[in-house]
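Please find the sequence and the predicted model below.
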Amino acid sequence: MVSGALQPTTPLESCQWLNKLLVQVWPNVVAPKLSKHFSAVLQKHIRIRKPKLVRRIKLQEFSLGSCTPILGMHRTHWTTAGGQQVLHMDFEWKTNNMCIMLDTKLAMPFLGTKQILINSIHIKGDLCILPILDGQAILYSFETTPELSIGIAFGSGATGGDQELPSSKLPGVSAWLVKFLTDLLVKTMVEPRRRCYPLPLTSDKRTFVGGTVSITVTSVSNLLKANIKGQKASQSHGSAELDRSSDGSANDGLHTFVEVELGDISQRTDVKQGSNPNWNASFDMVIPESSSTLHVHLYEWSPTNMKLDCLTSCEIKMTHVADDSIIFWAVGSESSAIVKHACFGKEVEMVVPFDGTESVEVCFCCFNVLSY
């Protein structure tokens with residue numbers, strides 16, 4: 001979906017009509033929902049990535065404001081990737097009508113409490129929008145890393161009123177914030193990583209607090225070392241390793257297990273032998289946030305080596321919808337989207353390829369157990 005080699009299947013056009021529509025729905029519908037979503041993402045990551053001069057940092061306020069982004073004014077077109085229709089459009093958002101307030105406690109030599117206010121932002125890039133589930137949701141992402149710049153002001157915190165201080169008082173903070181926000185975009189919504197925006201037909205208007213999901217790791221298929229580590233095997237062991245892998249004899253003794261991780265909780269299957277291990281191992285796991293990621297790691301186990309070798313990984317994203325259902329999605333072949341929609345009390349099955357492999361896949365059953 002990212003490749004520049006994709007040719008438009010429709011003529012290039014501008015989208016004045018879309019921007020007029022966005023102006024109407026942005027203040028009361030889109031901006032509040034996106035503000036809530038991105039504030040949770042920011043609050044989760046900023047505590048981990050704080051600079052050395054900051055002892056503590058907390059998100060105090062987050063509002064995207066009333067100024068809308070400009071979509072598709074120069075180029076908008078559809079392409080087909082992996083059998084799915086993808087909308088491409090340019091994106092530019094330049095506003096000084098936003099507010100991201102960070103409350104910080106500084107380390108030596110500064111000490112004290114300061115407020116950092118991000119009051120303007122400029123983002124420019126190209127969006128990919130993939131309608132899914134017959135229009136009940138969209139997946140969106142940037143094709144490549146967008147250009148980003150911000151404007152910030154410093155205040156003296158609760159003990160010093162609202163006096164603004166020049167950025168030189170806190171050297172390096174502006175550059176750190178730009179790098180932090182850019183890295184956050186890359187990790188969360190630059191291809192092939194995507195965000196989900198549900199468009200539910202109904203809503204119970206309940207605030208998501210938490211929930212549980214039952215994950216069954218069914219099996220892994222086509223598990224050959226040549227498929228996962230072909231290049232490394234070729235360099236380390238020569239062509240003989242690849243020849244043995246092709247008839248399966250070298251992989252008969254391969255012992256593997258799968259680890260699934262959701263939030264702070266991880267679970268492991270038993271160790272199985274062979275190129276098509278079957279586990280049928282079920283785990284009840286807590287969904288920590290309305291948008292969460294299930295990390296899946298495939299490990300090789302050896303009785304003579306205490307160090308575990310992670311062969312490959314993949315991710316399954318999940319988003320809670322206002323009608324109490326869950327949308328599961330992952331990246332498929334040719335950057336296509338594998339999407340399943342599980343209503344409350346329903347089970348769905350997903351077959352997801354591992355990263356960097358052509359044919360190694362893991363099969364899951366996901367059961368929407370409970371939201372509360």
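The structure has been received and is ready for your questions.

buried set for stretch 273-290?
Along stretch 273-290, the positions that meet the burial threshold by neighbour count (16 or more other Cβ atoms under 10 Å) are Ser275, Pro277, Trp279, Ala281, Phe283, Met285, Ile287, Glu289, Ser290. C-beta coordinates here come from the backbone N, C-alpha and C atoms, glycine included.

List phi and psi for the first one.
Main-chain dihedrals, Ser275, degrees, to the nearest 10: phi -90, psi -10.

quick one: it and Gly155, what's the gap?
Summarising the geometry, the distance separating Ser275 from Gly155, computed by Cβ to Cβ, to the nearest Å, is 61 Å.

And for the last one?
Separation of Ser290 from Gly155 (Cβ to Cβ): 31 Å.

Check which element follows the helix or strand of the chain with the lowest mean pLDDT along the chain.
Confidence across the helices and strands of the chain bottoms out at helix 239-246, with a mean of 35, counting by mean pLDDT, DSSP states H and E. If you walk from helix 239-246 toward the C-terminus, the next helix or strand you reach (DSSP states H and E) is strand 255-262.

and that following strand, which residues are buried?
By neighbour count with 16+ other Cβ under 10 Å, strand 255-262 contains the buried residues Thr256, Phe257, Val258, Glu259, Val260, Glu261, Leu262.

what ranges do the strands span in the stretch 51-200 of the chain?
54-63, 70-81, 84-95, 99-106, 113-132, 137-142, 147-155, 164-165, 195-198 (DSSP state E, counting those that start in this stretch).

The stretch 251-372 of the chain now?
Under the criterion DSSP E, counting those that start in this stretch, strands of the stretch 251-372 of the chain are mapped to 255-262, 265-268, 272-273, 278-287, 291-302, 305-320, 326-331, 337-342, 347-353, 361-371.

Just to check, Trp78 is in contact with Val86?
Yes: using Cβ atoms under 8 Å, Trp78 is in contact with Val86, at 6.8 Å.

Give me the buried positions along stretch 213-223.
The neighbour-count criterion (16+ other Cβ under 10 Å) identifies Val213, Ile215, Thr216, Val217, Thr218, Ser219, Val220, Asn222, Leu223 as the buried residues of stretch 213-223.

Render the CA-only coordinates of that stretch in CSV, please.
Extracted in CSV, the C-alpha atoms of stretch 213-223 (Å, rounded to 0.1, in the frame of the first residue of the first chain):
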residue,chain,number,x,y,z
VAL,A,213,-10.8,-11.4,25.4
SER,A,214,-10.1,-15.1,25.0
ILE,A,215,-7.2,-15.8,22.6
THR,A,216,-6.6,-19.4,21.3
VAL,A,217,-3.3,-20.0,19.5
THR,A,218,-4.3,-22.8,17.2
SER,A,219,-1.3,-23.5,15.1
VAL,A,220,1.6,-22.3,13.0
SER,A,221,2.0,-23.6,9.4
ASN,A,222,5.0,-23.8,7.0
LEU,A,223,7.5,-23.3,9.7
